[in-house]
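Engineer: model the structure of this input:
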Amino acid sequence: MKSRIGVHEVLELHELLTFKNVCLTKSTIMQSLVSDPRLKDIMKQDVISSTNQVKELKNHLS
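Structural biologist: Numbering: from 1, shown residues only. Okay, the predicted model is just below:
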């Protein structure tokens, strides 16, 4: 995305990116501690979703 965005918007995107990275890391690490298969599946879906969201946010910053 090559449109011009303001400095404050870039900072907001960085905040969101940091938050999503923390969520992604937490879900990835917590999967090894979960024994319930349904919860593990939910966490796997969260990892996939968060990974896609991180990629999308990075695209907006480049």
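Engineer: next, the contact list for Glu9, please.
Structural biologist: Contacts of Glu9 were listed using CB atoms under 8 Å, 6 or more residues apart in numbering, and none were found. Quick note: C-beta positions are derived from backbone N, CA and C, even for glycine.
Engineer: what does the pLDDT read for it?
Structural biologist: Glu9 is assigned a pLDDT of 93 by the prediction.
Engineer: same question, Met1
Structural biologist: The model's pLDDT for Met1 equals 46.
Engineer: equivalent analysis for Ile42, please.
Structural biologist: pLDDT at Ile42 comes out at 95.
Engineer: element containing it, please.
Structural biologist: Following DSSP states H and E, one finds Ile42 within helix 37-61.
Engineer: for that helix, packing partners?
Structural biologist: helix 7-30 (3 or more CB pairs under 8 Å, 6 or more residues apart in numbering; DSSP states H and E).
Engineer: just want the angle from the helix it packs on to helix 37-61.
Structural biologist: With axes from the mean of the first three to the mean of the last three CA atoms, to 10 degrees as the basis, helix 7-30 and helix 37-61 are set at 150 degrees to each other.
Engineer: buried ones in the helix holding Ile42?
Structural biologist: By neighbour count on 16 or more other CB atoms under 10 Å, the buried set for helix 37-61 is Met43, Asp46, Val47, Ser50, Gln53, Val54, Leu57.
Engineer: contacts made by that helix with the rest, please.
Structural biologist: So helix 37-61 is contacted by 1, 5, 10, 13-14, 16-17, 20-21, 23-24, 27-28, 30-31, 34 (CB under 8 Å, 6+ apart).
Engineer: switch the cut-off to 7 Å
Structural biologist: 1, 10, 13, 16-17, 20-21, 23-24, 27-28, 30-31, 34 (CB atoms under 7 Å, 6 or more residues apart in numbering).
Engineer: could you measure from Ser32 over to Lys26?
Structural biologist: Per CB to CB, to the nearest Å, Ser32 is found 12 Å from Lys26.
Engineer: neighbour count for those two, which is higher?
Structural biologist: Lys26 (14 against 7; other CB atoms under 10 Å).
Engineer: ok, that one - contacts?
Structural biologist: Contacts of Lys26 (CB under 7 Å, 6+ apart): none.
Engineer: just the buried ones from the contacts of helix 37-61?
Structural biologist: Applying 16+ other CB under 10 Å to the contacts of helix 37-61 flags Leu17, Lys20, Cys23, Leu24, Ser27, Gln31 as buried.
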